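Peer 1: whatever this is, show me its structure:
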Amino acid sequence: MKALLPFPDISPEIFSISLFGMELALRWYALAYIVGIVIGWRLVVMTVKAPRLWPGQQPVMTPAQIEDMLTWIILGVLLGGRLGYVLFYQPDVYLNNPLEILAIWQGGMAFHGGLLGVVLAAWIYTRRHGIPQLSAADAIALGVPPGLLLGRMANFINAELWGRPTELPWGVIFPGDAAQYCPQIVGACARHPSQLYEAFLEGFVLLALLLWMVWRRGAFMRPGLVCGTFLAGYGLARFAVEIVRQPDAQFVGPANPLGLAWQVGGYGLTMGQLLSLPMILLGLFLIRRARRVGVVSA
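Peer 2: So this is what the prediction gives:
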């Protein structure tokens, strides 16, 4: 008999109230965004209050500038994440129903789109205020993993973005017809808890690595090193987890049971892997550049 883990009975809603005939709810996913942003913001503020971490003991921004830029970043996350999901994963659906693009409460956010939104927002802000952009990117990168950790845990609570079927002892029996649709399996279908794999790799491991680099190895002294490590680290973690993560339903079909977005002769890559490749390459480029340029002392 297989050892299967039942899905924990945790409601996606923390609480809900009725107000003027409307039902308002605070969900774990929304709380994960809020708490993740606050933790990331405070981490970055801590670094700019420690001048020894920065070239010439001159932090790249003031705490007030970080708070000001945070508004831009939040807009970049929301707009980029939503538009990224629309363009990367379901363009035909939203092209036929454009008003649905605004219905973000129904779900549908893409990390890669959110990342592009953050990059654009930070680029505009730093350019307007004359802030060194590579050093600013390093600071922002340090603040991202807490949100990834909490966001992936919220995905697990929501019973979404689960993995492929597995017989491993930590396979989870996720609820819902879609999660339990496993034609080759008799009885309950256990799946990889890929959300928790990503929470551990993209959140906990990456955060621990970046904190060690910044506080113990003086990584901010090499502009681009922390940002490059984040990009390459996230890209590699996401690329690996995609092997066991169930692809979006629109990519799966009788001729494409693995849900590959690009394939040749039955072998290929999922959409998540395709979108992660540029991150890995850019991250490796920034790491190599930072190491070649060397420590900036003034």
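
Peer 1: which residue packs closest to residue 119, ignoring adjacent ones?
Peer 2: Nearest residue to residue 119, sequence neighbours excluded (CB to CB, 6 or more residues apart in numbering): residue 76, at 7.6 Å. Placement of C-beta: from N, CA and C, glycine included.

Peer 1: same question for residue 228.
Peer 2: Spatial nearest neighbour of residue 228, chain neighbours left out: residue 286 (2.9 Å); criterion: CB to CB, 6+ apart.

Peer 1: and what of residue 246?
Peer 2: Residue 246 sits nearest to residue 164 (CB to CB, 6+ apart), 5.3 Å away.

Peer 1: still on that earlier bit, please tell me I have it right and the residue nearest to residue 119 contacts residue 123.
Peer 2: No. Contact criterion CB atoms under 8 Å: residue 76 and residue 123 do not qualify, at 9.7 Å.

Peer 1: specify which residue of those two has the higher count of neighbours.
Peer 2: Taking neighbours as other CB atoms under 10 Å, residue 76 and residue 123 compare with residue 76 leading, 24 against 15.

Peer 1: which SSE is that one in?
Peer 2: Element membership for residue 76, per DSSP states H and E: helix 63-88.

Peer 1: average pLDDT across that helix?
Peer 2: Average pLDDT, helix 63-88: 86.

Peer 1: helices or strands next to that helix in the packing?
Peer 2: Applying 3 or more CB pairs under 8 Å, 6 or more residues apart in numbering; DSSP states H and E, we find helix 63-88 packed against helix 28-48, helix 111-129.

Peer 1: go again using 10 Å as the cut-off
Peer 2: When contacts are defined as 3 or more CB pairs under 10 Å, 6 or more residues apart in numbering; DSSP states H and E, helix 63-88 packs onto helix 28-48, helix 91-96, helix 111-129, helix 133-142, helix 271-293.

Peer 1: so which bits of the first one are buried?
Peer 2: Burial within helix 28-48, assessed by neighbour count using 16 or more other CB atoms under 10 Å, is assigned to 28-29, 32-33, 36-37, 39-41, 43-45, 47-48.

Peer 1: in contact with the residue nearest to residue 119, which residues?
Peer 2: 69, 113-125 (CB atoms under 10 Å, 6 or more residues apart in numbering).

Peer 1: on that earlier part again, out of the helices and strands packed on helix 63-88, which one sits most buried?
Peer 2: Highest mean neighbour count among the helices and strands packed on helix 63-88 (mean count of other CB atoms under 10 Å): helix 133-142, with a mean of 24.

Peer 1: report the angle between that one and helix 271-293.
Peer 2: 130 degrees (axes from the mean of the first three to the mean of the last three CA atoms, to 10 degrees).

Peer 1: packing partners of helix 133-142?
Peer 2: helix 28-48, helix 63-88, helix 111-129, helix 206-217, helix 225-241, helix 271-293.

Peer 1: for the ones you listed, which has the smallest mean pLDDT value?
Peer 2: Lowest mean pLDDT within these: helix 63-88, a mean of 86.

Peer 1: contacts only, for residue 63.
Peer 2: Per CB under 10 Å, 6+ apart, neighbours of residue 63: 41, 42, 44, 45, 46, 48, 49.

Peer 1: go again using 6 Å as the cut-off
Peer 2: By CB atoms under 6 Å, 6 or more residues apart in numbering, the contact set of residue 63 is residue 45.

Peer 1: cool, the one 10 residues further on as well?
Peer 2: Applying CB under 6 Å, 6+ apart, we find residue 73 in contact with 118, 121.

Peer 1: mind doing that once more with 10 Å?
Peer 2: Taking CB under 10 Å, 6+ apart as the test, what residue 73 contacts is 37, 40-41, 66, 114, 117-119, 121-122, 125, 140, 143-144.

Peer 1: Throw the residues you listed into CSV and include distance to residue 232, thanks.
Peer 2: Below are the contacts of residue 73 laid out as CSV (distance: CB to CB, whole Å):
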residue, distance to residue 232
37, 23
40, 19
41, 24
66, 24
114, 18
117, 20
118, 17
119, 15
121, 22
122, 19
125, 24
140, 16
143, 17
144, 13
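
Peer 1: just flag the most distant two among the residues you listed.
Peer 2: Spatially, the most separated pair among these is 66 and 114, at 18.8 Å (CB to CB).

Peer 1: closest one of the contacts of residue 76 to residue 206?
Peer 2: Nearest member of the contacts of residue 76 to residue 206, counting by CB to CB, is residue 115, at 13.5 Å.
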